[in-house]
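>>> coords please:
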Amino acid sequence: MSENHLEQITIRPAEQRDVNELDEFIKPFVQQKILIPRTFDEMTELIRHGFVAEHESRIVGFAALEVYSSKLGEIRSLAVASEFQGCGIGRRLVEVCIERAREKDVLEVMAITSSEQFFKTCGFDFTLPGEKKALFIQTRDL
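Predicted coordinates for the structure are as follows:
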């Protein structure tokens with residue numbers, strides 16, 4: 001995609017009317033095991049905290065910020081249509097999520113991802129000041 005087309009991408013808050021189109025949009029990412037499956041109710045909840053990228057009235061990207069507390073939020077379900085990857089849409093979606101966290105005075109934002117290099121280019125790292133690290137254990141298979 002050329003830079004001129006990138007100017008035609010709009011980022012806006014997701015709305016409930018987007019739920020069916022978003023459900024279809026993320027299916028390929030779920031099938032590729034890039035994103036975890038979401039029920040309709042989970043998608044409805046994500047949309048309340050989400051942003052969509054649109055090109056010519058078509059959703060070409062999505063990300064949500066889930067706020068757990070004033071201390072912690074998480075960027076969830078970041079996805080960009082394959083033909084639009086690599087031109088800055090993912091970064092713009094991450095930026096609006098981080099801005100939303102700042103507006104809500106959330107101290108830290110995390111991202112659980114298999115695309116660590118992308119998030120590093122967005123300013124994320126494995127440690128926080130004071131050498132704090134996130135550790136995980138998986139309690140079941142997906």
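>>> Report the mean confidence score over the helix ranked longest in the chain.
Across the chain, the longest stretch assigned as helix under DSSP state H is helix 89-103. Taken as a whole, helix 89-103 carries a mean pLDDT of 95.
>>> so what secondary structure elements neighbour that helix?
strand 9-13, strand 50-55, strand 58-67, strand 72-80, strand 108-111, helix 116-121 (3 or more Cβ pairs under 8 Å, 6 or more residues apart in numbering; DSSP states H and E). C-beta here means a position set from N, CA and C on the backbone, and glycine is covered the same way.
>>> who wins for proximity to Glu42 among the ones you listed?
strand 72-80 (9.5 Å; Cβ to Cβ).
>>> contact partners of the closest one?
25-26, 29, 34-35, 38, 46, 50, 53, 60-68, 89-90, 93-94, 97, 101, 104, 106-113 (Cβ atoms under 8 Å, 6 or more residues apart in numbering).
>>> now stretch 36-55
5, 8-16, 18-19, 22-23, 26, 30, 59-67, 76-77, 80, 84, 89, 92-93, 96-97, 100, 142.
>>> ends of that stretch, how far apart?
Chord length of stretch 36-55, first to last residue, is 25 Å (Cα to Cα, to the nearest Å).
>>> Run the chain-centre distance for it.
9 Å (Cα atoms, centre = their mean, to the nearest Å).
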